[in-house]
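S.K.: this one's structure only:
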């Protein structure tokens, strides 16, 4: 199993540009999440999904969109990039609710917005 | 959203046992306690999870007192490779996926 994969590993955007961060898992997990991690900080939840077709907001959802058309994929879209979105983004998946089950994290995408 | 409080940093010598305590005064009846480890430039990795009393696996032990308002992660005989940030999370079983990671505890193992 590849586990949780994320692409790209690095990305530089100009302010106002849009892009999609890709996340895929091959463990047939229903639950997937997107987090961001700023320097010296813990992870903050952006959006999550409890199954295909079902998504909800986390702690810091503004400026981001998600969709879940398949169990495997959970892309994160930045609508109009801002310097405040410079961060490392982690995708995670789990068999059940993240509070009760082990979360598997991807390697992260380091995004810089200039 | 149940929040946790941990020491910001700890130092330990190789071979010692390390105990990291986490405070979670607002823990709810159905909440589990989970610990993750994170190395620089990597995603967090699950270490251990528990609900009450003591849980042990091949890498760590988790001690939870009866009132469950705190928990202690115990790492036996740490090595340099255990240098990392450790996060304590309290999860809401049966509810939303929202978890609070906090800033974690930065453990530095000294040779």
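M.R.: Thanks, I have the structure now. What you are looking at is a predicted structure, and each value in this text was computed from that prediction instead of being measured.
S.K.: ok, now which ones touch whatever residue of chain B ends up closest to chain A?
M.R.: Nearest residue of chain B to chain A, counting by C-beta to the nearest C-beta: residue B:91, 1.7 Å away. C-beta coordinates here come from the backbone N, C-alpha and C atoms, glycine included. The contact partners of residue B:91, by C-beta atoms under 8 Å, 6 or more residues apart in numbering or on different chains, come to A:97-100, B:31-34, B:99.
S.K.: leaving aside the residues next to it on the chain, what's closest to it?
M.R.: Among residues not flanking residue B:91 along the chain, residue A:99 sits closest, at 1.7 Å (C-beta to C-beta, 6 or more residues apart in numbering or on different chains).
S.K.: How confident is the prediction for the one you found, by pLDDT?
M.R.: Note for residue A:99: predicted pLDDT of 75.
S.K.: which SS state does it fall under?
M.R.: coil (DSSP: H, G, I helix; E, B strand; the rest coil).
S.K.: Please look at it and residue B:100 and confirm they touch.
M.R.: No: shown here, residue A:99 and residue B:100 do not form a contact pair, counting by C-beta atoms under 8 Å, at 10.2 Å.
S.K.: tell me the strands in chain B, going along the chain?
M.R.: B:9-13, B:18-23, B:32-38, B:45-50, B:53-56, B:61-64, B:70-75, B:84-91, B:105-110 (DSSP state E).
S.K.: which ones are touching the closest residue to residue B:56 other than its chain neighbours?
M.R.: Once flanking residues are discounted, residue B:56 sits nearest to residue B:62: 7.6 Å by C-beta to C-beta, 6+ apart. Counting by C-beta under 8 Å, 6+ apart, residue B:62 touches B:33, B:35, B:48-50, B:54-56, B:71-74.
S.K.: can you rerun that using 10 Å?
M.R.: B:22, B:33-35, B:47-51, B:53-56, B:71-74, B:88 (C-beta atoms under 10 Å, 6 or more residues apart in numbering or on different chains).
S.K.: Equivalent analysis for residue B:85, please.
M.R.: Taking C-beta under 10 Å, 6+ apart, we find residue B:85 in contact with A:40, A:42, B:6, B:9, B:36-40, B:44, B:101, B:103-107.
S.K.: ok, and the most crowded of those residues?
M.R.: The most crowded member of those, judged by other C-beta atoms under 10 Å in any protein chain shown, is residue B:104 (28 neighbours).
S.K.: Quick check: the gap between that residue and residue B:59.
M.R.: Per C-beta to C-beta, to the nearest Å, residue B:104 is found 17 Å from residue B:59.
S.K.: and if you look at residue A:26?
M.R.: 25 Å.
S.K.: Quick test: name the residue nearest the centre of chain A.
M.R.: Chain A has residue A:34 as the residue nearest its centroid, 2.8 Å off, counting by C-alpha atoms, centre = their mean.
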